[in-house]
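Visitor: Build me a structure from this.
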Amino acid sequence: MSLGSALVLDLFTDRLVAEYTGRTTYAEELYEKVRLLCLYYNAKCMYEANIKGTYSYFSKMNCSHLLADTPEYLRDKQILKYTSFGNNSKGVRATAAINNYADALIKEWLIKPVPTVVQEDGEDKETTIPNLYLIRNRALLKELVAYNPFINVDRVRALGQLMLFREEKIILYQGDVKGHRMSEDADYAGNDEFFLENYDKRFTEEEQNSFMY
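Guide: Below is the predicted model:
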């Protein structure tokens, strides 16, 4: 039985940070959960545009700006036909060609080496491990192990949409997604003196203990 699935990726760490997967009584309950994830994580949603209802709901809630535009690079690769209006300009239609391309991006992300520090003989040693070993989503891992194009793998398809959106950011920022900071914009509200002075402060140990209960 098909489930609705949404995954959230932190572009600064390149790690999955949230998931919702389930079957709601009404489709709009799923759309609302996705909308709230977008608001909470300051994210945009890349979605399967051939599944009807998402654009209509976000538009009704005056939140169509939370839906990601169709990546231009897919049109350049001639995997998608060009459209630039209404709900045809948002999301990606999950055709066989798109899914195959998304699968290749998933594989690339899974085996991407990530720097980490491990302890050997009481000493810290820097090494690299594949991104795969940083996934904490057991259900997603099971779907990835069992995956083939003929079975229902909702989390894998959600991950595919996520990788398509991630690839657009990599192309846009020439591979240095983490190097891009909105704070470089002089008009960015985060450059306010209050945030510059206080945002990165941490409670002292005494203050932290005082908040424990």
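Visitor: mind checking how far S5 is from V17?
Guide: 15 Å (CB to CB, to the nearest Å). Backbone N, C-alpha and C define where each C-beta goes, glycine included.
Visitor: now L7
Guide: Per CB to CB, L7 is found 9 Å from V17.
Visitor: what about Y26, how many neighbours?
Guide: The burial count assigned to Y26 is 8, neighbours taken as other CB atoms under 10 Å.
Visitor: Look up how far S64 lies from it.
Guide: Using CB to CB, Y26 is found at 20 Å from S64.
Visitor: So for L7 and V17, which residue has more residues nearby?
Guide: Counted by other CB under 10 Å, L7 and V17 do not tie: L7 has more neighbours, with 21 against 12.
Visitor: pLDDT wise, what is the residue lying closest to E48 once chain neighbours are set aside at?
Guide: Once flanking residues are discounted, E48 sits nearest to A94: 4.4 Å by CB to CB, 6 or more residues apart in numbering. The model reports A94 with a pLDDT of 88.
Visitor: Surely A94 is in a strand?
Guide: No: in this structure, A94 is coil, not part of a strand, as judged by DSSP: H, G, I helix; E, B strand; the rest coil.
Visitor: I'd like the mean pLDDT over the longest helix anywhere in the chain, please.
Guide: Counting residues, the longest helix found in the chain (DSSP state H) is helix 154-172. For helix 154-172, mean pLDDT rounds to 94.
Visitor: Tell me how far it lies from the chain's centre.
Guide: Distance of helix 154-172 from its chain centroid, counting by CA atoms, centre = their mean, to the nearest Å, is 7 Å.
Visitor: other SSEs contacting it?
Guide: Packing contacts for helix 154-172, counted by 3 or more CB pairs under 8 Å, 6 or more residues apart in numbering; DSSP states H and E, involve strand 4-10, strand 15-22, helix 72-76, helix 96-110, helix 138-146.
Visitor: Check which residues of the first one are buried.
Guide: With burial defined by 16 or more other CB atoms under 10 Å, the residues of strand 4-10 counted as buried are 4-9.
Visitor: What is it packed up against?
Guide: Partner elements for strand 4-10 (3+ CB pairs under 8 Å, 6+ apart): strand 15-22, helix 27-41, helix 154-172.
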